[in-house]
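K.L.:
Pasting a predicted model and its sequence here:
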2 protein chains.
Amino acid sequence: MDIDRTDFAILRLLMKNAWLSNKEIAAAVGLAPSSCHERIKSLRARGILKSAHAEVNLEAIGFALAAVLFVQLGKLEDHVVDEFLRSTAAVPEVRGVSLVSGRFDLIVHVAVRDMEHLKEIISKHFNRHAVVTRVETSVVFNHETQHAMPLSDSDAFA
Amino acid sequence: MDIDRTDFAILRLLMKNAWLSNKEIAAAVGLAPSSCHERIKSLRARGILKSAHAEVNLEAIGFALAAVLFVQLGKLEDHVVDEFLRSTAAVPEVRGVSLVSGRFDLIVHVAVRDMEHLKEIISKHFNRHAVVTRVETSVVFNHETQHAMPLSDSDAFA
DNA sequence: CTGTCAAACGAATAGATTTCGTTCGTATGA
DNA sequence: TCATACGAACGAAATCTATTCGTTTGACAG
């Protein structure tokens, strides 16, 4: 399950742009298309390269407001917490959920149309569950996701 | 800049799996490949469909620990804050940064190898900048990202 | 030196994308 | 009501790509 610098270069390219053709990737990493294809197949088979997802401009389709919810949960049984986690991740407006240690238990990122919509999500989903003891809400002014490998080029590799 | 239910279906499919072929998408939404191709080109041209990114299993390549940093900033000038934002997003281990209202100013998700690595990131990047007044750290036990449209199927559309 | 193994190569085939001329259906205005 | 204009979908042709597979290369161990 080790990765050499060629694999790494392929992953870096695909994280930046999953719509690159095999031919383009091959040229960029200095391999024949067939060899590059084998590499990518192997990365997928080994579970290193998992999937690809299109990024949609949510603001352009009416989801103009983003928020982060800091949720505290009561000391309930595991399966109750797990169930709430699953149901939270299934809320369409929820973009991501993290179960964390510390002051809060859940960090939830949401995309909504407006304040009214935000209020509705919080009251209908979070404040309605017994497991939730408190929700703090922050408006997101600016968000940036990094679609790159968590290693700089200069870091040694294989 | 409006979206009908066919566009919506295309976006939903591509968010779930950006590696679907045009032919497959066409079949799924009930269009000829050429028509579907026109739709996708239009969505890209209108800025609704932005890009696609491969998802890499970071745990499989040694980044076994995820954390969220809650950062408070001092009341400094805008350009200082902006500069810090940009430099934070450029840290390889940083997966996402949100500038938010409320108790904290920055919510930063990071992927690191281990606790040692986490400590290094915090002390080398965050605690070294004058603009940072405080950092609280939470370990991420579990994270789920939703790669779906923020609307349920039942919601009315065009 | 020699045998083995994994990776890369290149050519051939199968399959997909992309373009374009045409058709269909609808909405608009005479 | 009829004619026209417009946008969307279609189907076929051409181009380009993915994918497979037999062969070659290079590294390493015996």
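P.N.:
Ah, there it is. Numbers count the residues shown, from 1 in each chain, chains lettered A, B, ... in the order given.
K.L.:
and A:Glu83, what helix or strand is that in?
P.N.:
Using DSSP states H and E, A:Glu83 falls within helix A:78-89.
K.L.:
contacts for that helix?
P.N.:
Applying C-beta atoms under 8 Å, 6 or more residues apart in numbering or on different chains, the contact partners of helix A:78-89 are A:73, A:94, A:97, A:99, A:106, A:108, A:125, A:129, A:131-132, B:142, B:144, B:146. (Glycine included, C-beta is placed from N, CA and C.)
K.L.:
one more time with 7 Å
P.N.:
A:73, A:94, A:97, A:99, A:108, A:129, A:131, B:144, B:146 (C-beta atoms under 7 Å, 6 or more residues apart in numbering or on different chains).
K.L.:
And it, what's buried?
P.N.:
A:81, A:84-85, A:88-89 (16 or more other C-beta atoms under 10 Å in any protein chain shown).
K.L.:
now swap in stretch A:109-121 and tell me
P.N.:
For stretch A:109-121, burial by neighbour count (16+ other C-beta under 10 Å) applies to A:109-113, A:117-118, A:121.
K.L.:
Just name the closest of these to DNA strand D, please.
P.N.:
Closest approach between the buried residues of stretch A:109-121 and DNA strand D, by C-beta to the nearest atom of the strand: A:Arg113, at 23.9 Å.
K.L.:
I figured that closest one hits A:Ala67, correct?
P.N.:
No. Taking contacts as C-beta atoms under 7 Å, A:Arg113 lies outside contact range of A:Ala67: 11.6 Å.
K.L.:
Not counting residues beside it along the chain, what's closest to A:His143?
P.N.:
B:Ser98 (4.7 Å; C-beta to C-beta, 6 or more residues apart in numbering or on different chains).
K.L.:
Mind checking what secondary structure the one you found has?
P.N.:
Under the three-state scheme (DSSP: H, G, I helix; E, B strand; the rest coil), B:Ser98 adopts strand.
K.L.:
Kindly state the beta-bridge partners for it.
P.N.:
According to DSSP bridges, the residues that bridge with B:Ser98 are A:His143, B:Ile107.
K.L.:
Pretty sure A:Phe141 is one of the things it touches, is it not?
P.N.:
No. Here B:Ser98 does not reach A:Phe141: they are 8.1 Å apart, not a contact under C-beta under 7 Å.
K.L.:
who's more crowded, these two?
P.N.:
Legend: neighbour count by other C-beta atoms under 10 Å in any protein chain shown for B:Ser98 and A:Phe141, higher for B:Ser98 (24 against 11).
K.L.:
now the more buried one: how far from DNA strand D?
P.N.:
Applying C-beta to the nearest atom of the strand, to the nearest Å, the value for B:Ser98 to DNA strand D is 35 Å.
K.L.:
who touches that residue in this structure?
P.N.:
B:Ser98 makes contact with A:68, A:140, A:143, B:106-107, according to C-beta under 7 Å, 6+ apart.
K.L.:
Helices along chain A, start to end?
P.N.:
Shown for chain A, the helices assigned by DSSP state H span residues A:5-16, A:22-29, A:33-45, A:78-89, A:115-121.
K.L.:
Many thanks, I have nothing further to ask.
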